[in-house]
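Enquirer: only geometry, no sequence info:
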């Protein structure tokens, strides 16, 4: 019996067990510390602004954190208010236009039913009456089955909508609680950001601290780069939409362009949530000029997104474009929308661990060689 292979196998199993236990512990701990995870992320993102206020303008650290929070949420509130004002103006415009369009649709479907559906129905009934009894019975059962299935689908859809609304209403108190704790946590974490860093370095070995510091530095660069890339992509989408809508002389082009840029972050649908229904509506209303124009604009937006996304993200986070594309796809398949963030982050972690020789040291440990 080769005892060396047995020791290697046991050490490999031990490493895998430690990794699995760490991932499992991290998962369960994250379930009960969501507000503080959010707080760490917010504190991390606004730390440059806090440092600017603290070091350049000599504002005390605590007051700098408070001012930074007020500035950030003030900007968010201002953008949301501007968007709401624009949307109210847009909805006011729709209330003036929609009734006329509804009447047009009613007349269109009345004519369509009278000139197309009704004659087709009579033709089908003549064919049905000429069939044998068994054939009529088979067709009737098939129609009843389709009706039953359609009823079941509509029932499930209605229950899903009701359950979704109920879950949303029930989740509001929890959301408010998480938000309050996240804001309080952000303040205290950001206030003592460097103090926590020093304590953390004092409690772990220097070599481990250097490796974690390298991972943290690369993750910081990758996360900020990823956010910058996403902001760049939605800005490009919004600008292209605005230019196209202005050329097509569409009312409320700015509001529609902003909404288009925001929904561009949505998985599966993306800008199609705005353009596809709009294009269909323009087609049925007979406005072929806007139908063609919006279709071309939608195509341009999709193409530029698919072409630019891997390049911009890879250049922003310092990864190979192909590897980034694979990470985006795998992350999206496994985790949905969040996978578009998780995939590149995991790739950055693996790349950083490789550059820090962590995998090499683990392999040496498994082989029983000195690390």
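Expert: Sure, I can see it. Everything numeric here is computed off the predicted structure, so don't read it as measured data.
Enquirer: Where do the strands of the stretch 51-200 of the chain begin and end?
Expert: Counting by DSSP state E, counting those that start in this stretch, the stretch 51-200 of the chain has no strands to list.
Enquirer: Residue 193 contacts residue 46, doesn't it?
Expert: No: using CB atoms under 8 Å, residue 193 is not in contact with residue 46; the gap is 10.1 Å. The C-beta positions use only the backbone N, C-alpha and C, and glycine is treated the same way.
Enquirer: and the closest residue in space to residue 359 that isn't next to it in sequence, how far is that from residue 346?
Expert: Spatial nearest neighbour of residue 359, excluding adjacent residues (CB to CB, 6 or more residues apart in numbering): residue 353 at 6.2 Å. Separation of residue 353 from residue 346 (CB to CB, to the nearest Å) stands at 11 Å.
Enquirer: got it, and residue 7?
Expert: Where residue 346 is concerned, residue 7 sits at a distance of 31 Å (CB to CB).
Enquirer: just residue 263 next, same as before
Expert: If you go by CB to CB, the gap between residue 263 and residue 346 works out to 26 Å.
Enquirer: Comparing residue 353 and residue 346, which residue is more hemmed in?
Expert: Comparing residue 353 with residue 346 by other CB atoms under 10 Å, the one with more neighbours is residue 353, at 18 against 15.
Enquirer: any idea which helix or strand carries the more buried one?
Expert: Using DSSP states H and E, residue 353 sits within helix 339-355.
Enquirer: immediately after that helix, which helix or strand?
Expert: helix 358-367.
Enquirer: Mind listing what's buried along that following helix?
Expert: For helix 358-367, a neighbour-count test (16 or more other CB atoms under 10 Å) marks 358, 362, 366 as buried.
Enquirer: Averaged pLDDT, stretch 240-257. What do you get?
Expert: Rounded to a whole number, the mean pLDDT of stretch 240-257 is 88.
Enquirer: Next: stretch 178-187.
Expert: Stretch 178-187 comes out at a mean pLDDT of 90.
Enquirer: where's the residue nearest to residue 359 relative to residue 19, distance?
Expert: 12 Å.
Enquirer: all helices for the stretch 251-371 of the chain, in order.
Expert: Along the stretch 251-371 of the chain, the segments classed as helices by DSSP state H, counting those that start in this stretch run 253-263, 272-284, 288-317, 321-335, 339-355, 358-367.
Enquirer: Now do the last one against helix 339-355: the angle between them, please.
Expert: Think helix 358-367. 60 degrees (axes from the mean of the first three to the mean of the last three CA atoms, to 10 degrees).
Enquirer: what residue ranges in the stretch 201-350 of the chain are flagged as low confidence?
Expert: Scanning the stretch 201-350 of the chain for pLDDT under 70 picks out 207-208, 211, 266-269, 337.
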